[in-house]
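Undergrad: for reference, the sequence and a predicted model appear below.
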Amino acid sequence: DGGITQSPKYLFRKEGQNVTLSCEQNLNHDAMYWYRQDPGQGLRLIYYSQIVNDFQKGDIAEGYSVSREKKESFPLTVTSAQKNPTAFYLCASSGTGALNTEAFFGQGTRLTVV
Amino acid sequence: AQSVTQLGSHVSVSEGALVLLRCNYSSSVPPYLFWYVQYPNQGLQLLLKYTSAATLVKGINGFEAEFKKSETSFHLTKPSAHMSDAAEYFCAVSESGAGSYQLTFGKGTKLSVIP
């Protein structure tokens, strides 16, 4: 089945640690996105990538980093510089043509600082 | 810049009653508009989308939305609520004509269905 796979579903981070969230898609989409979701705040864009080896900062990129070495994969690293990382993280992908504008989402990773 | 406002962070309806979730958008170019649904601890699922074809858009699970340019609105409706409709709903906008179709989301409306 085509779709987006995020792993792990739950992740716990100690203070000062970097952690990496995985996102893989087999939809052959060019564009991939990372969103952060906090209660009552909707989804906020962290980073996005329209093509392999290229990515742009979104609205809340500070304390995060990404890579796009393969079309299928767009991992997100939450660094120790992110002071409030506890949140639900959603990865998405979409086509880049005018008729393929909707985003498809993974099931999310819930990150908790312990 | 594009933005989305969803009126009402929480809406309660009785089972069988009309569902109306409100969404207003701001966009400097003709927009693409979307409604997504999210169940607890899950990702978002597309309900329906408007991409400049018919202004009345039908989606899954009996939902529909009407694009009204004069009111910059894209409200979501369903004639008769079902218990399984209880979830959080997000309206989103992206701008046509740009190379990137990144979405801007509203803050969401949580729908409760009372038996």
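TA: Happy to help now that I have it. If you're wondering where the values come from, they're calculated on a predicted model, not measured in any experiment.

Undergrad: which residues does the residue positioned nearest the centre of chain A form beta bridges with?
TA: The residue lying closest to the centre of chain A (C-alpha atoms, centre = their mean) is A:Trp34, at 2.8 Å. Per DSSP bridges, the residues bridged to A:Trp34 are A:Tyr47, A:Cys91.

Undergrad: mind listing what it touches?
TA: Residues in contact with A:Trp34 (C-beta atoms under 8 Å, 6 or more residues apart in numbering or on different chains) are A:21, A:23, A:45-48, A:58, A:64, A:66, A:74, A:76, A:89-92. Every C-beta, even on glycine, is put in place using the N, C-alpha and C of the backbone.

Undergrad: among these, which one lies nearest to B:Gly106?
TA: Taking C-beta to C-beta as the measure, B:Gly106 lies nearest A:Leu45 of those, at 13.5 Å.

Undergrad: which ones are touching the residue nearest to the closest one when sequence neighbours are not counted?
TA: Excluding the flanking residues, the one nearest A:Leu45 by C-beta to C-beta, 6 or more residues apart in numbering or on different chains is A:Gly58, at 3.2 Å. Residues in contact with A:Gly58 (C-beta under 8 Å, 6+ apart) are A:Tyr33, A:Trp34, A:Arg44, A:Leu45, A:Ile46, A:Tyr47, A:Tyr48, B:Gln102.

Undergrad: one more pass at 10 Å, please.
TA: When contacts are counted by C-beta atoms under 10 Å, 6 or more residues apart in numbering or on different chains, A:Gly58 touches A:Tyr33, A:Trp34, A:Tyr35, A:Arg36, A:Arg44, A:Leu45, A:Ile46, A:Tyr47, A:Tyr48, A:Tyr64, B:Gln102.

Undergrad: returning to that earlier point: pick the one among the contacts of A:Trp34 closest to A:Glu15.
TA: A:Tyr64 (16.8 Å).

Undergrad: and the closest one, how close does it get to chain B?
TA: Separation of A:Tyr64 from chain B (C-beta to the nearest C-beta, to the nearest Å): 16 Å.

Undergrad: surely that residue and A:Tyr35 touch.
TA: No: A:Tyr64 is beyond contact range of A:Tyr35, at 11.3 Å (criterion: C-beta atoms under 10 Å).

Undergrad: and the two most separated of the contacts of A:Gly58?
TA: A:Tyr64 and B:Gln102 (15.8 Å).
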